[in-house]
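> Requesting a structural model of the entry that follows:
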Amino acid sequence: MKLISHPSPNFSERARGSIIDKLIMHYTGMENAKLSLAHLCDKNSKVSAHYLLDENGRIFQLVSEEKRAWHAGVSYWAGETDINSQSIGIELQNRGLEWGYNNFPKIQIDSLIELVLDIRKRHHIPEKNILGHSDIAPGRKQDPGEFFPWEEISFHNIGYWPKMPPRKIDITYSKQATQKNLSLIGYNPETPFSEKLKAFQRHYRPSKVDGILDNETAHLIDFIAQDT
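Model (predicted):
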């Protein structure tokens, strides 16, 4: 695996005692990789990530993994709020919903798989802590979006994908129970329910991203919350 060094000035020290136990996926939401690279390395932007993958699968290292890149912003997961100190951030070049969201090229995802497997040799990152930006910042962020191949990369032991048994009984779940289950998974209990539900759907049910609770989505949330 070849890394292209392209240092960004936008980093700081991780909080003392922080353990890297999260990996956050992003899309750039910019028109091309050249603009994305410039933005992530512009000191005035005050944003960065540890890695940027362009559409041709090239991997740019912008910030050392030892340092705290500025990619998560205001975010929350399982009671933690300084996600930048506890995570590695990966940006994938994609025009995003802002400029014409498109599928992630195979060569880009192949590079991502190689990179993540390499990162996990160095850091103990639980499968359920490989997350999208929208998971940790519902309503504020939508990336990496419903085209990101969560199920595909799970075949490479990257990220969690539920392996649900067939249901024998059709159970109707209440909004209250679903709210509790979303919190058990890690979502912020203070985030509006519909925004949280959309974030969950983007990750685990990309064919239905509408923030409306149906029985199938509720059953999926319940299964993941209990599948420890």
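> contacts, neighbours, all on C-alpha from now
Will do.
> wait, what's in contact with I136?
A72, S75, Y76, W77, Y187, N188 (Cα atoms under 8 Å, 6 or more residues apart in numbering).
> Low-confidence ranges, this structure, go.
166-171, 228 (pLDDT under 70).
> How is it partitioned into domains?
3-154, 175-226 (automatic domain parsing).
> Tell me which of those domains approaches M164 most closely.
Taking Cα to Cα, domain 175-226 is the member of those nearest to M164, at 7.2 Å.
> Quick check: end-to-end length of that closest one?
17 Å (Cα to Cα, to the nearest Å).
> got it, and stretch 92-99?
14 Å.
> chain center to that stretch: distance?
Mean-position distance between stretch 92-99 and its chain equals 15 Å (Cα atoms, centre = their mean, to the nearest Å).
> List the contacts of that stretch.
With Cα under 8 Å, 6+ apart, stretch 92-99 has contacts from 25-33, 36, 52-55, 101-102, 104, 108, 143-145.
> now do 10 Å
25-37, 51-57, 59, 100-105, 108-109, 112, 142-145, 147-148 (Cα atoms under 10 Å, 6 or more residues apart in numbering).
> And for stretch 31-39?
6-8, 27-30, 41-42, 45-48, 52-56, 60, 62, 91-96, 98-100.
> Format the CA atom coordinates belonging to that stretch as PDB.
Output of stretch 31-39 as PDB, limited to C-alpha atoms (Å, rounded to 0.1, in the frame of the first residue of the first chain):
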ATOM      1  CA  GLU A  31     -16.300  18.800  -6.900                       C
ATOM      2  CA  ASN A  32     -12.900  17.100  -7.300                       C
ATOM      3  CA  ALA A  33     -10.000  15.700  -5.300                       C
ATOM      4  CA  LYS A  34      -7.700  18.700  -6.000                       C
ATOM      5  CA  LEU A  35     -10.200  21.000  -4.400                       C
ATOM      6  CA  SER A  36     -10.800  18.600  -1.500                       C
ATOM      7  CA  LEU A  37      -7.000  18.300  -0.900                       C
ATOM      8  CA  ALA A  38      -6.600  22.000  -0.900                       C
ATOM      9  CA  HIS A  39      -9.500  22.600   1.500                       C
END
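> Name the residues of the helix or strand encompassing R120 that are buried.
R120 belongs to helix 106-122 when assigned by DSSP states H and E. Within helix 106-122, the residues that qualify as buried are Q108, I109, S111, L112, I113, L115, V116, counting by 16 or more other Cα atoms under 10 Å.
> after it, next one along is what?
Next along from helix 106-122, by DSSP H and E: strand 130-132.
> For H156, see how far away the most centrally placed residue in the chain is.
In the chain, the centroid-proximal residue (Cα atoms, centre = their mean) is G132; its distance is 1.4 Å. Per Cα to Cα, G132 is found 17 Å from H156.
> W77 and H6: what is the separation?
Counting by Cα to Cα, the gap from W77 to H6 is 29 Å.
> ok, those two, which is more surrounded?
Higher neighbour count among W77 and H6: W77, with 20 against 16, using other Cα atoms under 10 Å.
> In contact with the residue lying closest to that one once chain neighbours are set aside: list those residues for me.
Nearest residue to W77, sequence neighbours excluded (Cα to Cα, 6 or more residues apart in numbering): G186, at 5.0 Å. G186 makes contact with Y76, W77, A78, G79, E80, K128, N129, D135, I136, A225 under the criterion Cα under 10 Å, 6+ apart.
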